[in-house]
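**Student:** Turn this into a model:
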Amino acid sequence: MDTVLVIGGGATGAGVARDLAMRGVDVTLVERGDFASGTSGRSHGLLHSGARYVPGDPEGAAECIAENRVLKEIAPHCLSDTAGLFVQVAGDDPDFFEEKRAACEQLGIETEELSAADAREAVPDLAEGVERALRVPDAVIHPTRLTVANAVDAREHGATLLPRTEVADLIIEDGAVRGALVEDGSGEFEIRAEYVVNATGAWAGTLASMADIDLEMAPSSGVMVAVEYADLDTVLNRARPAADGDIVVPHDEQVILGTTSVDVEDPDEFERDDAEIDRMFAECGAMLSGLDRERIDRVYWGVRPLYSADRERHAGRGISRGFHLLDHAERDGIGGFASIVGGKLTTYRAMAEATSDRVCKRLGVDSACSTAEEPLLGRDEPGRIDGLVAEFEADNPADSDVIAR
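**Tutor:** Residues are numbered from 1 along each chain as shown. You can find the predicted model right below:
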């Protein structure tokens, strides 16, 4: 019997496996597809500075800037440290810009205000309507590299990795989850464990239902459009309340335009409307000139793993992007089981730490987290990571162009 079974091989699940394995816990990580093939590998890949979430969510912003600084230390090989600009476009509320700048300063998020001329000197292709900008320490995450690095780091600390292994059912005995019945290409088999972690993101409700647990998941889809564009090396954000088409994320020879927010019931089956693509060009074009629809490389939709106990009052962008650790022994009377839901790619490591702390407490493991200090596998030999990505045949649209190059 394994000590812990982690279900879900995105950044958070791989991060949990790494954290627990580094504490000496016997871990198996299963993922129904390739690593990062769910939300992580279908994101826009922005490493948030926290500036996006102020002034409305200072707690979430504080989490982001803290993890931003950690990841730049432990995983620079999985990032591009581009910095970012929040741009005020003609017609945007100037008071919002001022409130954002003041809130960033209050939280210790580094900022620098730029005039229109200075902003264009930094980013020559800014659109004509840009009036001023706020420089912040945003960056770009390459999520496939990040997730595979976490998974393989877990393996090097003794974890077992089982990609392309789908959970058919949970094993329930004496009021507790004691493992899972899984299926891979060779057939079905059981994985028994003292504790099971549900890190399946937008699919967390589906997995929890196998234990007759109702999770109030509120997934929302968003489109990302990757366009050939070689002249941007800074993240662009619109200095207005969160809305469609307010982020442009640079890659080496492309930009990713994002995103929309549409409530969905099933994260596997939902409508993909081409009108959302048109909206990205219209809205992102207010920040960056020269976007050409004829130069689209790929279009993909991701699904946010949002959690809301009150979907009637909170939906889409109104739901907090904070994370929730649900201990089902306390919440539902089902032992040996916890779900980590919500959150952002930026905060995956903090989510993994909180989850691992709870699991270790339940198992009586007296070992502290060290993932904020210990370099992520490959930091000192960054070329190794793409070889590991190839080993696992992980090919995800969020960063497929970067991995290919």
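**Student:** and the chain, what are its domains?
**Tutor:** According to automatic domain parsing, the chain comprises the domains 1-45+142-218+305-405, 81-136+220-304.
**Student:** got the contact list for residue 183?
**Tutor:** 165, 166, 168, 189 (C-beta atoms under 8 Å, 6 or more residues apart in numbering). C-beta here means a position set from N, CA and C on the backbone, and glycine is covered the same way.
**Student:** repeat that with 6 Å
**Tutor:** 166, 168 (C-beta atoms under 6 Å, 6 or more residues apart in numbering).
**Student:** Could you look up the SS state of it?
**Tutor:** Following DSSP: H, G, I helix; E, B strand; the rest coil, residue 183 is assigned to strand.
**Student:** Read off the pLDDT value for it.
**Tutor:** Note for residue 183: predicted pLDDT of 98.
**Student:** same deal with the one 4 residues further on?
**Tutor:** The predicted local distance difference test score for residue 187 is 95.
**Student:** Quick check: it vs residue 5, distance?
**Tutor:** Separation of residue 187 from residue 5 (C-beta to C-beta, to the nearest Å) stands at 18 Å.
**Student:** With neighbour numbers in mind, choose between these two.
**Tutor:** residue 5 (32 against 7; other C-beta atoms under 10 Å).
**Student:** can I assume the more buried one is in contact with residue 194?
**Tutor:** No - using C-beta atoms under 6 Å, residue 5 is not in contact with residue 194, being 8.9 Å away.
**Student:** residues near the residue nearest to residue 111 when sequence neighbours are not counted, how many?
**Tutor:** Closest residue to residue 111 apart from its sequence neighbours, by C-beta to C-beta, 6 or more residues apart in numbering: residue 104 at 4.8 Å. Around residue 104 there are 24 other residues, counting by other C-beta under 10 Å.
**Student:** that older thread, please identify the deepest-packed of the domains of the chain.
**Tutor:** domain 1-45+142-218+305-405 (a mean of 21; mean count of other C-beta atoms under 10 Å).
**Student:** Relative to residue 39, how far out is the spatially most central residue of the chain?
**Tutor:** Nearest residue to the geometric centre of the chain (C-alpha atoms, centre = their mean): residue 345, 2.1 Å. Using C-beta to C-beta, residue 345 is found at 8 Å from residue 39.
**Student:** Equivalent analysis for residue 261, please.
**Tutor:** 14 Å.
**Student:** Look up phi and psi at the residue of the chain most remote from its centre.
**Tutor:** The centre of the chain is farthest from one residue, residue 174, which by C-alpha atoms, centre = their mean lies 34.9 Å away. Backbone geometry at residue 174, expressed as degrees, to the nearest 10, gives phi 50, psi 40.
**Student:** re the thing from before, between the domains of the chain, which one is closest to residue 74.
**Tutor:** Residue 74 lies closest to domain 1-45+142-218+305-405 among the domains of the chain, at 4.9 Å (C-beta to C-beta).
**Student:** could you pull out the strands for the stretch 251-400 of the chain?
**Tutor:** 254-258, 262-263, 296-304, 323-327, 337-342 (DSSP state E, counting those that start in this stretch).
**Student:** Now render these as TSV, adding distance to residue 221 and mean pLDDT.
**Tutor:** Below are the strands of the stretch 251-400 of the chain laid out as TSV (distance: least, C-beta to C-beta, whole Å; pLDDT from 0 to 100):
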stretch	distance to residue 221	mean pLDDT
strand 254-258	12	97
strand 262-263	5	94
strand 296-304	5	97
strand 323-327	19	96
strand 337-342	16	97
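**Student:** export those strands to a markdown table and tack on distance to residue 76?
**Tutor:** Shown next, in a markdown table, are these (distance: least, C-beta to C-beta, whole Å):
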| stretch | distance to residue 76 |
| --- | --- |
| strand 254-258 | 20 |
| strand 262-263 | 34 |
| strand 296-304 | 24 |
| strand 323-327 | 24 |
| strand 337-342 | 25 |
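**Student:** Next one, pLDDT for the residue nearest to residue 111 please.
**Tutor:** 98.
**Student:** Can you name the residues that contact it?
**Tutor:** By C-beta under 6 Å, 6+ apart, the neighbours of residue 104 are 51, 54, 111.
**Student:** List phi and psi for it.
**Tutor:** According to degrees, to the nearest 10, residue 104 has phi -60, psi -50.
**Student:** quick one: residue 95 from residue 82, how far?
**Tutor:** For residue 95 relative to residue 82 (C-beta to C-beta), the value is 28 Å.
**Student:** scratch that, residue 212 is what I was asking about
**Tutor:** From residue 212 to residue 82 the distance is 46 Å (C-beta to C-beta).
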